[in-house]
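> the sequence isn't on hand, but the structure is:
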């Protein structure tokens, strides 16, 4: 089984400085739905692992988050793709939990649920904490330049072996085997 983990905000959908708080604010990034479809069609399992501190900050409710994820699942399905699971951390940085990236708790839970080895497991994200979470368990960090990705790249300090792509579509193409370089 091939498994890929995706961050949500800034990778699949446009991020917002004031948080994505409703389905209306959840807007897919160009070609991200097609990228997930390509993973699905190539036999990959797709799991989303997302920090959602807006819940802990009481900026939106679990019902609003579920509605955002229902929209995401529906649009991905319409594009011919499938997301097998969505895991989220509702905590703020002050909560010191083990599920909020850069901690690897969500990654470990995904690996356990899907009976997957974390060694080389790819995670596609736009922030340093995404990359640190997968690197902590021996996985393959992939940075996209969408969302906070350009700032993350410019700041440096990426985990060793991080691969960099313009967007989720290009990262998916590489992982699936369509890369020509």
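Everything's here; your move. Since this is a predicted model, take the numbers as computed values, not measurements.

> residue boundaries of the strands in this structure?
Remark: strands assigned in the chain by DSSP state E are 2-6, 44-51, 85-89, 122-125, 140-144, 163-165.

> ok, residue 57 touching residue 92?
Yes - contact criterion CB atoms under 8 Å: residue 57 and residue 92 qualify, at 6.2 Å. Where C-beta positions appear, they are placed from N, C-alpha and C, glycine not excepted.

> the more surrounded of the two?
residue 92 (15 against 11; other CB atoms under 10 Å).

> can you pull out the helices in the protein?
Assigned by DSSP state H, the chain shows helices spanning 32-41, 53-56, 62-78, 105-113, 128-135, 149-155, 168-176.

> which of those helices sits most buried?
helix 128-135 (a mean of 24; mean count of other CB atoms under 10 Å).

> by contact count, what packs against that helix?
helix 105-113, strand 122-125, strand 140-144, helix 149-155 (3 or more CB pairs under 8 Å, 6 or more residues apart in numbering; DSSP states H and E).

> of all the ones you listed, which lies closest to residue 4?
strand 122-125 (5.1 Å; CB to CB).

> what's in contact with that closest one?
4-7, 10-11, 49, 101, 107, 130-131, 133-134, 139-144, 165, 168, 171-172, 175 (CB atoms under 8 Å, 6 or more residues apart in numbering).

> on that earlier part again, among the helices of the chain, which is nearest residue 23?
Here helix 62-78 is closest among the helices of the chain (CB to CB), at 4.5 Å.

> for that closest one, what does the pLDDT average out to?
Averaged across helix 62-78, the pLDDT comes to 98.
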